[in-house]
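A.B. asks: let me see the structure of the following:
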Amino acid sequence: MTITHDATLTTSNSYRRRRAELMQYFDATAAETWARLTSDAPVSKVRETVRNGRDAMRGLLLGWLPEDIAGARILDAGCGTGALSIELARRGAQVLAIDVARSLVEIAEKRSRDQLTADEAGQIGWLAGDMLDPTLGR
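C.D. replies: Residues are numbered from 1 along each chain as shown. Okay, the predicted model is just below:
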């Protein structure tokens, strides 16, 4: 399958404006909240529901994959704080993890070093940016 990049999408004013809004929201406002939400720190009942839903969704996705996925190359687009990327690396995949929010990628990269062996952590390439940016490669 060939994936093509439509440059008109990423160069449109509305796309750039929305991307900037997301970057501002996560980097300036929500990074600490998402760090807590995606950890085992105490959270409110509403946020606990969100946490449980995210955990269930990640479990469902991982349930579709074998335990050993050594050699697989996986793109985790919108990796956030890295929970899925970390589990994929544990299973042996080479992961390219990207998010528009640099602050979330920094949290994810730190968590990967704390939670994985050095070899497993080396399985993940962390990028902050727009996954549609053609300068990032294929």
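A.B. asks: now do the buried residues in the helix or strand hosting L60.
C.D. replies: Assessed by DSSP states H and E, L60 sits inside helix 45-63. Within helix 45-63, the residues scored as buried using 16 or more other Cβ atoms under 10 Å are 51, 62. Heads up, the C-betas are built off the backbone N, CA and C, glycines and all.
A.B. asks: what sits up against it?
C.D. replies: 36-38, 43, 83-84, 87-88, 91 (Cβ atoms under 8 Å, 6 or more residues apart in numbering).
A.B. asks: possible to save these as TSV with neighbour count, distance to G63 and secondary structure?
C.D. replies: Listed next are those as TSV, based on neighbours: other Cβ atoms under 10 Å; distance: Cβ to Cβ, whole Å; DSSP: H, G, I helix; E, B strand; the rest coil:
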residue	neighbour count	distance to G63	secondary structure
R36	15	26	helix
L37	18	22	helix
T38	21	19	coil
V43	16	25	coil
A83	19	15	helix
L84	21	12	helix
E87	18	11	helix
L88	24	13	helix
R91	18	12	coil
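A.B. asks: need the pLDDT of A30.
C.D. replies: On pLDDT, A30 comes in at 80.
A.B. asks: kindly report the same for S39.
C.D. replies: 86.
A.B. asks: so it, which of the three states?
C.D. replies: coil (DSSP: H, G, I helix; E, B strand; the rest coil).
A.B. asks: picking up where we left off before, let me see the mean pLDDT of whichever helix or strand comes after the helix holding L60.
C.D. replies: Proceeding N to C from helix 45-63, the next assigned helix or strand is strand 73-77, under DSSP H and E. Model confidence over strand 73-77, given as mean pLDDT, is 94.
A.B. asks: secondary structure element for the residue nearest to R90 when sequence neighbours are not counted, which one?
C.D. replies: Of all residues not flanking R90 in the chain, E120 sits nearest, at 5.9 Å (Cβ to Cβ, 6 or more residues apart in numbering). In the assignment (DSSP H and E), E120 maps to helix 118-121.
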